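Undergrad: Below is the sequence, then the predicted model.
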Amino acid sequence: MRVIHNTFYVNNVPRGTCSRLGVSLKTGAIKYLFCLTDENKEFALNATALLSVDDFRLELSSFRSVIPKNAVKISLGQPVYSHNGVYLGAIQNATQSNMRITDLVTEKGVIPFSFVQACADAIILRKPLPYPLGQSLPTAQYVTRPLLKEAIKENTLIKLTLSLSPFKLYGYVTENG
C-alpha cells in the first residue's frame, strides 16, 4: 500500500496529492494525511476518511480538514540518523500494515519503526535496547519492561532469560531482502 504522492479523490473528483503521513510515534498508527492542493496549500485530513488505496489513487469519504494532534510528519526523502548522529540514509519507502507504519526503508536498509525516537526535519533513532523487548515467551506473554523489573526484583532474571528462545539483536539497519 503506497499512500504518499498519490492523488486523492472525493466523489471521483481529484482534490490534491498526499505529500506526507501523520504518524503516532508511540504506536506507528497513521492518523493524518498531509495533502497539497494544486496551489501548493497544505492541509491535513483524518486517515479514517480513507476508503480505498490503489496504485495511483486514494479514495476519501469526505473532504474535511482537521488540526493534527500527537502525530509526526513522515515524508519520502527525510534523512534518518542514529542516536549518535550517524547518517543511515533517506526514507525511500515505508512498510505499512493495517494503517500502521512498521518499517522505514532507506537506501542503506530497513529500520523498524519502533526504533524511531524523534521526528522533525530528520528522524532520530533511539539507542538499541540491550534486551529483546517484544520477544514472545513460552507462556504466550511478551518481554516487557515491567516484566523485566519484576524478574530483577524477584531475582529470577536468569530463569527468565533461559526460558527465551535464542534471539539475535540487530543494529538499526538490516540488509534489504
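TA: Yep, that arrived.

Undergrad: contacting residues for the residue nearest the centre of the chain?
TA: The centroid of the chain falls nearest to residue 101 when counting by C-alpha atoms, centre = their mean (3.4 Å). Going by C-beta atoms under 8 Å, 6 or more residues apart in numbering, residue 101 touches 21, 23, 28, 30, 74, 94, 95, 113. (C-beta placed from N, C-alpha, C; glycine too.)

Undergrad: cool, and residue 31?
TA: Contacts of residue 31 (C-beta under 8 Å, 6+ apart): 22, 23, 24, 46, 47, 68, 70, 71.

Undergrad: Quickly list what the second one is bridged to.
TA: Beta-bridge partners recorded for residue 23 (DSSP bridges): residue 30, residue 72.

Undergrad: circling back to that earlier point, quick one: buried ones out of the contacts of residue 101?
TA: 21, 23, 28, 30, 74, 94, 113 (16 or more other C-beta atoms under 10 Å).

Undergrad: And those residues, which is closest to residue 15?
TA: Residue 15 lies nearest to residue 21 out of these, by C-beta to C-beta, at 17.2 Å.

Undergrad: so the closest one is in which element?
TA: Taking DSSP states H and E as the definition, residue 21 sits inside strand 13-23.

Undergrad: Other residues contacting that strand?
TA: For strand 13-23, using C-beta under 8 Å, 6+ apart, the contacting residues are 3-9, 29-38, 42, 44, 47, 58, 60, 63, 68, 71-75, 94, 101, 113, 119.

Undergrad: same thing but 7 Å
TA: Residues from elsewhere that reach strand 13-23 (C-beta atoms under 7 Å, 6 or more residues apart in numbering): 3-9, 29-38, 44, 58, 63, 68, 71-75, 101.

Undergrad: pLDDT below threshold where in this structure?
TA: 1, 129-141, 165-177 (pLDDT under 70).

Undergrad: tell me the strands in it, going along the chain?
TA: With DSSP state E applied, the chain shows strands at 7-10, 13-23, 30-36, 42-46, 50-53, 57-60, 65-66, 72-74, 79-81, 87-97, 100-106, 109-112, 116-119, 123-125, listed in chain order.

Undergrad: Mind putting the ones you listed into CSV with distance to residue 154?
TA: Output for these, formatted as CSV (distance: least, C-beta to C-beta, whole Å):
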stretch, distance to residue 154
strand 7-10, 53
strand 13-23, 37
strand 30-36, 39
strand 42-46, 45
strand 50-53, 46
strand 57-60, 51
strand 65-66, 47
strand 72-74, 38
strand 79-81, 39
strand 87-97, 36
strand 100-106, 34
strand 109-112, 30
strand 116-119, 30
strand 123-125, 32
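
Undergrad: For residue 145, find the nearest of these.
TA: Closest to residue 145 of the strands of the chain, according to C-beta to C-beta: strand 116-119, at 15.7 Å.
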